[in-house]
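*Asks:* Have a look at this prediction, sequence included:
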Amino acid sequence: MIAPTVSTDATGSTVCWSTTIAFIFTTLATFLGIPLFWYYYGYTAFDWTLMGILYIVTGMGITVGYHRMISHKSFESHPAVKFVLLIMGGWALQNSALIWCADHIRHHAHTDEDADPYNASKGFWYSHIGWLFMDTPYREDRFAEKLRKDRMIMWQHRYYWPIVASGLFLPFVLGYLVNGGVVGGVSCFLLAGVLRTALVLNSTFTINSLCHMVGTQPHGKQDSSRDSWLISFISFGEGYHNYHHTYSHDYRNGPKWYNFDPSKWLIYSLSLVGLTYNLYREKV
Ligand SMILES: [Zn+2]
Ligand SMILES: [Zn+2]
């Protein structure tokens, strides 16, 4: 009899080998493949520019789309905006909106408890990335129930992997056309595909880890969430995490006009032309 290839921790979680192997591969590609390619071939200005553009596009897909629109219903949007945000978020390789948002709703419902998917009381590495390698027994269907009734969310869930592939294929095609040839395609794929994905992943991971460890708690000490304006600069405004945990329905994470919160600026700008509406603001 073949023994099951899982190991179990004290809370009953089991190691998720598919994610673990995928991350080992991505880490090797990032830390070995990208520098080696730089040494032998170099990268073009187009590669760096597209990496910056896709960092913003896919990062905002997560913060505006997955987080503020779907998880917290802090605003509504035209279906075309929602569709585009779901594609942008899918390109970030952070799972389908159905799974990401159900996990995030559970994070707010059970912050700092065993059922919190990225429980910061288990330490930096667990909340930053370690939780991804565990299949948790706390993934209850009630957190996904309402999301399953949304046809566009279910469509994105069904076609999640083709969407991910298109987000990696696009830099290759653009690099092939602009830089010229297969080597130009690979160079653009490595920066605007692989490195961009690694950077956006870590930007999101930082909210789950450092924003529950470093910073101030001006809005409440009900949980470990912290405000950090510094982290907002790499995460499109999500660093004001203590405000967000206290007033999670607000479309803003940084409520003051001077708070660096590009996600709220995008949502507000779209509302001026009628593409987003019913923006929820706390009266604080
Ligand atoms: Zn949230
Ligand atoms: Zn949090």
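*Replies:* Arrived safely, thanks for sending. Ligands and ions are numbered 1, 2, ... in the order given.

*Asks:* can you give me the strands in the stretch 151-284 of the chain?
*Replies:* 276-277 (DSSP state E, counting those that start in this stretch).

*Asks:* so who does the spatially closest residue to Thr206 that is not a sequence neighbour touch?
*Replies:* Distances taken as Cβ to Cβ, 6 or more residues apart in numbering place Ile231 nearest to Thr206, at 5.8 Å, with adjacent residues excluded. Backbone N, C-alpha and C define where each C-beta goes, glycine included. Contacts for Ile231 (Cβ atoms under 8 Å, 6 or more residues apart in numbering) come out as 206-207, 210-211, 214-215, 238-239, 241.

*Asks:* which two of those residues lie the greatest distance from each other?
*Replies:* Val214 and Glu238 (13.9 Å; Cβ to Cβ).

*Asks:* of these two, who's got more company?
*Replies:* Shown here are Val214 and Glu238; by other Cβ atoms under 10 Å, Glu238 has more neighbours (26 against 15).

*Asks:* what's the distance between the nearest residue in space to the more buried one that is not next to it in sequence and Val182?
*Replies:* Among residues not flanking Glu238 along the chain, Ile207 sits closest, at 5.0 Å (Cβ to Cβ, 6+ apart). Ile207 is 37 Å from Val182, where distance means Cβ to Cβ, to the nearest Å.

*Asks:* Those two - which one has more neighbours?
*Replies:* Per other Cβ under 10 Å, whichever of Ile207 and Val182 has more neighbours is Ile207, with 26 against 11.

*Asks:* from memory that one sits against Gly239, does it?
*Replies:* Yes: between Ile207 and Gly239 there is a contact under Cβ atoms under 8 Å: 7.4 Å.

*Asks:* Report the separation between Ile153 and Lys82.
*Replies:* 9 Å.

*Asks:* Now the contacts of Ile231 in CSV, please, with extra columns for distance to Tyr66 and pLDDT.
*Replies:* Shown next, in CSV, are these (distance: Cβ to Cβ, whole Å; pLDDT from 0 to 100):
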residue, distance to Tyr66, pLDDT
Thr206, 16, 95
Ile207, 12, 95
Leu210, 19, 96
Cys211, 16, 96
Val214, 23, 95
Gly215, 22, 95
Glu238, 11, 97
Gly239, 17, 97
His241, 16, 97
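
*Asks:* Which of the residues you listed sits closest to Thr27?
*Replies:* Thr206 (16.7 Å).

*Asks:* what residues are up against the closest one?
*Replies:* Applying Cβ under 8 Å, 6+ apart, the residues near Thr206 are 128, 231, 234-235.

*Asks:* Please repeat the previous calculation with a cut-off of 10 Å.
*Replies:* Residues in contact with Thr206 (Cβ atoms under 10 Å, 6 or more residues apart in numbering) are 127-128, 214, 228, 231, 234-235, 238-239, 241.

*Asks:* Check Asn259 too.
*Replies:* Asn259 touches 227, 229, 232, 237, 239-240, 243, 252-253, counting by Cβ under 10 Å, 6+ apart.

*Asks:* Could I get those in JSON lines, plus columns for distance to Gly59 and neighbour count?
*Replies:* Below are the contacts of Asn259 laid out as JSON lines (distance: Cβ to Cβ, whole Å; neighbours: other Cβ atoms under 10 Å):
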{"residue": "Asp227", "distance to Gly59": "19", "neighbour count": "24"}
{"residue": "Trp229", "distance to Gly59": "17", "neighbour count": "16"}
{"residue": "Ser232", "distance to Gly59": "12", "neighbour count": "23"}
{"residue": "Gly237", "distance to Gly59": "10", "neighbour count": "25"}
{"residue": "Gly239", "distance to Gly59": "13", "neighbour count": "29"}
{"residue": "Tyr240", "distance to Gly59": "16", "neighbour count": "31"}
{"residue": "Tyr243", "distance to Gly59": "19", "neighbour count": "25"}
{"residue": "Arg252", "distance to Gly59": "17", "neighbour count": "25"}
{"residue": "Asn253", "distance to Gly59": "14", "neighbour count": "30"}
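
*Asks:* Pull the most distant pair out of the residues you listed.
*Replies:* Going by Cβ to Cβ, the pair spanning the contacts of Asn259 furthest: Trp229 and Arg252, at 13.8 Å.

*Asks:* what is in contact with the two at once?
*Replies:* 237, 240, 259, 261.
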